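Asker: Below is the sequence, then the predicted model.
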Amino acid sequence: MKAYETVIGLEVHVELATKSKIFCGCTTQFGGDPNTHCCPVCTGMPGTLPVLNKKVVEFAMAAGLAMNCKITQHCKFDRKNYFYPDLPKAYQISQLYLPICRDGGIEIETEAGKKTIRIHEIHMEEDAGKLIHDPWEDCTLVDYNRCGVPLIEIVSEPDMRSAEEVIAYLDKLRLILQYLGVSDCKMQEGSLRADINLSVRELGAREFGTRTEMKNMNSFKAIARAIEGERKRQIELLEEGKKVIQETRRWDDNKDTSFAMRSKEDAQDYRYFPEPDLPPIEISDEWLEEIRKRQPELRDEKMLRYEKEFDIPAYDAAIITGSKHLADLFEETVALCQKPKEVSNWLMVETMRLLKEQEMEPEEITFTPGQLAALIKMVDGNKINRTVAKEVFEKIFKENVDPEEYVEKNGLGMVSDDGLLRSTIEKIIADSPQSVADYKSGKTKAMGFIVGQTMKEMKGKADPGKVNQLVKEMLDSL
Amino acid sequence: MIDITRLSALELGRKIKAKEITVAEAVQAQLEIIKQRDPDYNCYITVLEEDALAQAEQVQTRIDAGELNDSPLAGVPLAVKDNICTKGVKTTCASQILYNFEPTYDATVIEKLKEAGLIIIGKTNCDEFAMGSTTETSFFGVTKNPWNTDCVPGGSSGGSAAAVAAEEAFLALGSDTGGSIRQPAGYCGVVGIKPTYGTVSRYGLIAYASSLDQIGTFGRSVSDCAAALELISGHDIKDSTSAPQESYRYTDALVDDVMGMRIGIPKDYLGAGIEEEVKESILKAAQVLKSKGAIVEEFELHSVEFAVPSYYVIACAEASSNLSRFDGVKYGYRTSEFEGLQDVYKKSRSEGFGNEVKRRMMIGAFVLSSGYYDAFYNKALKVRALINQGFQKAFEKFDIILGPIAPETAPRLGESLSDPLKMYLSDIYTVSVNLAGLPGISLPCGVDKKGLPIGLQLIGRHFGEKDIIRAAYSFEQAGSYERPTTLTKAQGKEA
Amino acid sequence: MRITEETVQYVAALAKLNVSEEEKNKVAKDLDRILDYIETMNGLDTEGVEPMSHVLPVKNVFREDEVSNQDNREELLKNAPQRIGDSFAVPKTVE
Ligand SMILES: [Mg+2]
Ligand SMILES: [Zn+2]
C-alpha cells in the first residue's frame, strides 16, 4: 500500500449566545415544547420581514478579531435557496459575497508541536428548525423552535492532517468562543457542530484529492471515528483503482461507517443573491475599535497570567484555563479566599477526580466559588482536617451543600479539647505496651503507631500536628 | 337621499364627522353597490359584509367619543389588494396556492388604517402574486374594465383600480412592483400613487420582488389618493428597508400652483411604439401645466430600452426565491395525492401556481443558477445602477418627469396573455421608476376614441412625493381633460 | 436555441415544479424567446459599474437583543395542511 496523507478542512456552525433570535424577538432558549419559540418572522409567514439583531454582528466581529481575521467593514447578507422542511422560507439568510470576517487563523498545539490553521472566513446566518422522525405515523414532524437562532459559520482552510489536529482545532475554537461569551459551545445541544471536508492524497502529491463532506458531527468522539472511517474508505477506493466521488455523506456512529446522502433530487445550486430585505452593514472604525476594546482576556493570556500572578505550575494553569467555567471558578474563589495555590489544588485534584468519576464536563460543575472558599477557610483555620475536607468537598460537588452547615450538623469539626485528646492517647498507650517499649528502646518510629491509632479513634477529627505533639510529650514523660 | 358612493372619500369623511351620514350607512351603501356591480366586474375576491358592519360600529363609537377628530378619512370604506395580509381574513394573492390562507397578523398598513378608523370592505382581485399587467392571471377569474367590460382593467392591481373606478370602493390599496398601481389606475381612469421605495412599510405585503415592491393608494381624485397615502406612510421598525422621513404630510402639497416648476419630458418616452392618441394627450397635459407657469422641456433619458429586460431579471430572480416558501407544508394548498416529500413540493406547486407565475419562477431560477448569475443577474443590477444614475442626472435639472403610463389604452381581454413578451414590453414606462425606487403618480388625462381613459404619469425624485402630488393636483384642478362618465355592464349595456 | 429541454428540466427541478414531457418543448421555446430579449441588455456597456442591489443608501438597521415574543403555537399551526401533535407534518425525510 502507498503512503497517504489526509487533508481536512472544517466548517463549524456555532449558535450564538444571544437572548433573542437573529431576525425576530423570539427566545433562543434551548428546548421548549415544539413550535413554542416561534413567530411569523422566524417561520417565514408570507409578508414578514427580517430585522437584524445588532448583538449578532458584534459577536461575529468579536469572534473574527479573536481569530485574527480581517473584518469586512462593508458587508451584506445573501440568500441561499433550497427546499427542505426545516427551512420555512426555502432560503437561508446567510453571507456569501461579503462575509463579515476573512483571512484569519489560530494556532493549535498537538504532540507534534505548534501549527497555524488558517481561517478562510466567518459568516453570519440563521439556524434551521428540527425534524423528528415519527415512526408511528411514518411521518417527519417539524419543530421550528431553533429556526432563526443566530449562527456563525467558521470555515477553515484545508490545513488539518489528522483527527488529532481537528480535535485540537475544535477545542481551541470552543475555548475562544466560550471566553468571548459568544457561545456556550455545548455540542450535546448542537450549539457547536462541525462539517468535515476530507480528502486523501498520496504523500508528497501537490494536488488535493476529491473530497467528501460529512455533515453535522456533534461530538469529539464521533468526529475522530468519522475521520478515521472516511480516511480508510477513501484509501481503499483508491487502492482498488476506484475514484472518490464528491458528495455529502452522513456518518453513522452506531454502524461506524458513512453513507452517501441521496442527492439525485438536489442539484447543489443554491442560487445565492443579495438579500433585498436587509440593508448593508457598514462597520465604522470606531465601532470596530469599541469591540476590540471590549475583548476579554482569552485563554492563552490568562494561562500566562496565572503562572506569573498566582505562581502556579504551567500544567495546572493549562488545565484550569482549559475550561472557561473552571477559570471563572478559580478566579472568583481566589478573590474570596486569597489562596490561589489551595484553590488550584482543589480544582486540579479533587475536582478532576470527581469529574472523571461522574463523567462530567467542567461546564457542568454546579458548586459556587463561595462554597469552595468557605471550605478552604475552614481547613486553613484548622476547623477541619484534610481528610474531613475531602469528604465535605465531595458533598459540595455532588449535592451543593453549605460546607459550614454540613460540618456543624455532622460534627466533623476538629476536636480542640485537649482533655479528650489526652484521655484518648492515654488509653491507646495503655493498650499498646509493645509500641511503648519499642519507643523507649529508641525505635522512635513506633510513635507513628500510637498517633495512627489515636487518629483512628478520633475518626480523623483531630489535628494531626497536635496529636503528634501530645503523643511525643506523653511518651517522653512515661 | 344623497348618492353616498359617488362622494369623494374626503367628502364622505367630512359628512361622517358632521353626523350627516353614519359609518354604518356608508358601509351599507358601499356593500349595496358592490352587490349590484361586482358580478359584472369581479373586482373582489372577498367582500367583508358582517365584518365591515362590525368595524363600522366600533369606528362610530370612536368617532362619537371624539377619538378620531384628527382622522379625515375615519369611517370611509376602503378596498385592499389581496396580497396584503389581513388578520383572520383570507389573503390569497389571487392564487390557488393560498386559496385558504388566513394570516395571523395584520400588515403594518392595515394596522395604520384601522387605527385611523377606515373600514376594510374587502380584498381585491389582482394578477396572481401581482405578476401580470392585466389581472387576467388570477385564480379567481378576470376583472373587467368598468368603462368597457371587453377590456382589461390593467394590472396587477386591477381589482383595486376597477373597484375605485366603479365606485365599489372610495379608496383602495395596491402594490406596485413594475407599474402595478400606476398602469391599472391609467387604464381605469383613476388616480394611483406608488411612493418612493421605503416610504410605506412592506411588512405584511406578500412579496413578489422585494427590492421593487411598494404599497400605494388609489382614489378617484388626487386629494383622496394623497390623503390615503398620508395615512399608510411612515417609518416602520419591522421593515428594515423603510427609510424615515421628516414629513409625510402629503395633503400639504394639494396646492394649485406649478409656477416655476421644472418639468422634463423624456423624448425616449414618446418615440416608436406609442399610440398617437396617447402621445397627443400627454403633450396636451404638459401644455396645461406650462400654461400654469411650469417650465416644460424635452430631454433624453437614455437607456430606457434596457429597463424592461433588467426589471424582468431582477423581479423574476427575487420572485423565484420569495415564492419558494409556498410548498404545501406550512399553509395553503397541498396536493391531495402524493408519494414522498418531493411529490408534496412538486405537485402542490405545479397545481397551485398558474402558468405566468411558474414561468417567472423558472426564469428567476435560471438567471441565478450557477454559470448564469454574472451574465444575467449581476448584469441586470448594473443596468439598474445606470438607470438610476440617469434619473439622478435628470433630477439635477428637473423637479418632476412627465410621460405616459403605457403605450396604449386598456387592451381587450385575452389579447395580452397569448404573448407574454408583448405584455412585458408594455411595462416600458413604468418599470424604470421601480428600478430606481422613485415615486410616481398616475392620473387620468383624457379618453381615446374608444372611450377608454388615458393615463398621465408624473415621476418625482426620491421622496419627492409632494412635487408630483402638487403637479397632479394642479393639473386636475384645470379640469381640461375628458373622463368617461358611464359604466358598462358585462353585456355591454350601460349600468 | 440556448434553452434546451434539459435546461427546462434542470430549472424546473430547482423551482420544484413538474413540467410534463408534452409541455417541455413549448416552455423551452417560451423561455428561450424571453431570455433572448433579456439579453438585449448586453447592448448597454456596464464596464466598471457597481451592481445595485439596494436602491436607497439605507444601512445599519438593527434591533436590540431583546426577547419580545411569546408562545404563539396555535396561531402558527392554524393554517397547517397537516398537523400531528404540536408540529407540522411532512412525508418522512429519511429512509
Ligand atoms: Mg452554512
Ligand atoms: Zn420568531
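Answerer: Received the coordinates, thanks. Quick caveat: nothing in here was measured; it's all calculated off a predicted structure. Ligands and ions are numbered 1, 2, ... in the order given.
Asker: Low-confidence stretches in chain C?
Answerer: Where chain C drops to pLDDT under 70, the residues are C:1, C:95.
Asker: average model confidence for the helix or strand containing B:G446?
Answerer: Assigning secondary structure by DSSP states H and E places B:G446 in strand B:440-447. For strand B:440-447, mean pLDDT is 96.
Asker: Give the full set of residues in contact with the residue in chain A positioned nearest to chain C.
Answerer: For chain A and chain C, the shortest gap (C-beta to the nearest C-beta) falls at A:G25, measuring 3.2 Å. All C-beta spots, glycine's among them, are computed from the backbone N, C-alpha and C. Neighbour list for A:G25: A:C39, C:R63, C:E66, C:V67, C:S68, C:N69 [criterion: C-beta atoms under 8 Å, 6 or more residues apart in numbering or on different chains].
Asker: And the helices in the stretch 151-300 of chain B, which stretches?
Answerer: B:158-165, B:182-188, B:222-232, B:276-291 (DSSP state H, counting those that start in this stretch).
Asker: and A:I281, how many neighbours?
Answerer: 24 (other C-beta atoms under 10 Å in any protein chain shown).
Asker: Now do the residue of chain A closest to chain C against ligand 2, distance only.
Answerer: Distance of A:G25 to ligand 2, given as C-beta to the ion, to the nearest Å: 7 Å.
Asker: secondary structure class for the nearest residue to that residue once chain neighbours are set aside?
Answerer: Sequence neighbours aside, C:S68 is the residue nearest to A:G25 in space, at 3.2 Å (criterion: C-beta to C-beta, 6 or more residues apart in numbering or on different chains). Here C:S68 is recorded as coil under DSSP: H, G, I helix; E, B strand; the rest coil.
Asker: Over to B:S71?
Answerer: coil.
Asker: give me the number of residues near it?
Answerer: 19.
Asker: hang on, isn't it packed against B:L113?
Answerer: No - using C-beta atoms under 8 Å, B:S71 is not in contact with B:L113; the gap is 10.1 Å.
Asker: between these two, what contacts are shared?
Answerer: Joint contacts of B:S71 and B:L113 (C-beta under 8 Å, 6+ apart) are B:L231.
Asker: and the contacts of A:G25, which are buried?
Answerer: Neighbour-count burial within the contacts of A:G25 applies to A:C39, C:R63, C:V67, C:N69; the criterion is 16 or more other C-beta atoms under 10 Å in any protein chain shown.
Asker: and the two most separated of those?
Answerer: Farthest pair in those (C-beta to C-beta) is A:C39 and C:R63. Separation: 12.9 Å.
Asker: before we move on, the earlier item: would you mind saying which of the helices of the stretch 151-300 of chain B lies nearest ligand 2?
Answerer: With C-beta to the ion as the criterion, ligand 2 lies closest to helix B:222-232 of the helices of the stretch 151-300 of chain B, at 24.9 Å.
Asker: can you list the weak-confidence ranges in the chain?
Answerer: Let's take chain A. Using pLDDT under 70, the flagged stretches of chain A are A:262-267, A:416.
Asker: my bad, chain B
Answerer: For chain B, counting by pLDDT under 70, the residues that fall below are B:1, B:480-485, B:489-495.
Asker: Which residue of it lies farthest from its centroid?
Answerer: The centre of chain B is farthest from one residue, B:E339, which by C-alpha atoms, centre = their mean lies 40.7 Å away.
Asker: what about that one, which SS state?
Answerer: Strictly by three-state DSSP, B:E339 counts as coil.
Asker: who's in contact with the closest residue to it other than its chain neighbours?
Answerer: In space, and not counting its chain neighbours, B:E339 is closest to C:P91: 7.7 Å by C-beta to C-beta, 6+ apart. Shown in contact with C:P91 (C-beta under 8 Å, 6+ apart): A:C139, A:T140, B:F338, B:E339, B:G340, B:L341, B:D343, B:V344.
Asker: at 7 Å what do you get?
Answerer: Taking C-beta atoms under 7 Å, 6 or more residues apart in numbering or on different chains, we find C:P91 in contact with A:C139, B:F338, B:G340, B:L341, B:V344.
Asker: Equivalent analysis for A:M45, please.
Answerer: Counted by C-beta under 7 Å, 6+ apart, A:M45 has zero contacts.
Asker: Now do the SS call for it.
Answerer: Secondary structure of A:M45, per three-state DSSP, is coil.
Asker: Would you list the phi and psi of it?
Answerer: Dihedral angles of A:M45 (phi, psi; degrees, to the nearest 10) stand at phi -60, psi 140.
Asker: what about it, distance to B:C85?
Answerer: 8 Å (C-beta to C-beta, to the nearest Å).
Asker: where do the strands sit along the stretch 151-300 of chain B?
Answerer: B:171-176, B:191-194, B:214-219, B:262-266, B:295-299 (DSSP state E, counting those that start in this stretch).
Asker: Which among these is found nearest to B:L458?
Answerer: Using C-beta to C-beta, the strands of the stretch 151-300 of chain B put strand B:262-266 closest to B:L458, at 8.3 Å.
Asker: Within its sheet, name the partner strands of the closest one and how each one runs.
Answerer: Counting by DSSP bridges, the strands paired with strand B:262-266 are strand B:295-299 (parallel), strand B:400-404 (parallel).
Asker: Following element in sequence after the last one, please.
Answerer: The one in question is strand B:400-404. Taking DSSP H and E, what comes next after strand B:400-404 is helix B:420-425.
Asker: How far away from the center of its chain is that next one?
Answerer: 19 Å (C-alpha atoms, centre = their mean, to the nearest Å).
Asker: do the same with stretch B:155-168
Answerer: 9 Å.
Asker: For A:I450, give its distance to ligand 2.
Answerer: 73 Å.
Asker: now stretch A:400-409, how far from the centre of its chain.
Answerer: The answer for stretch A:400-409 is 30 Å, by C-alpha atoms, centre = their mean.
Asker: oh sorry, the question was meant for stretch B:73-91
Answerer: That offset, for stretch B:73-91, works out to 14 Å (C-alpha atoms, centre = their mean).
Asker: residues contacting the most centrally placed residue in chain B?
Answerer: What sits nearest the mean C-alpha location of chain B, by C-alpha atoms, centre = their mean, is B:I181, with 2.1 Å. Each residue near B:I181 by C-beta under 7 Å, 6+ apart is listed here: B:S157, B:G174, B:G192, B:I193, B:K194, B:G216, B:F218.
Asker: So what's the residue count around the third one?
Answerer: The reference is to B:G192. 33.
Asker: is it in a bridge, and if so with what?
Answerer: Applying DSSP bridges, one finds that B:G192 bridges with B:F218, B:S442.
Asker: And the next helix or strand past the lengthiest helix in chain C?
Answerer: Taking DSSP state H as the criterion, chain C has its longest helix at helix C:21-38. Moving toward the C-terminus from helix C:21-38, the next helix or strand (DSSP H and E) is strand C:62-63.
Asker: on contacts alone, who are the packing partners of that following strand?
Answerer: In terms of contacts (3 or more C-beta pairs under 7 Å, 6 or more residues apart in numbering or on different chains; DSSP states H and E), strand C:62-63 is packed against strand A:52-53.
Asker: So in that sheet, which strands flank the strand it packs on, and in what orientation?
Answerer: strand C:62-63 (parallel).
Asker: Show me what the partner strand is in contact with.
Answerer: By C-beta under 7 Å, 6+ apart, strand C:62-63 touches A:V51, A:L52, A:N53, A:K54.
Asker: can you rerun that using 8 Å?
Answerer: A:G25, A:V51, A:L52, A:N53, A:K54, A:V57, B:I237.
Asker: Are the next helix or strand after that strand and ligand 2 in contact anywhere?
Answerer: With elements assigned by DSSP H and E, the helix or strand that comes after strand C:62-63 is helix C:73-77. No - legend: contact between helix C:73-77 and ligand 2 by C-beta under 5 Å from the ion is lacking; minimum distance shown is 9.5 Å.
Asker: buried ones in helix C:73-77?
Answerer: For helix C:73-77, by 16+ other C-beta under 10 Å, it's C:R73, C:E75, C:L76, C:L77.
Asker: do stretch B:449-458 as well
Answerer: Counting neighbours by 16+ other C-beta under 10 Å, stretch B:449-458 gives B:L452, B:P453, B:I454, B:G455, B:L456, B:Q457, B:L458 as buried.
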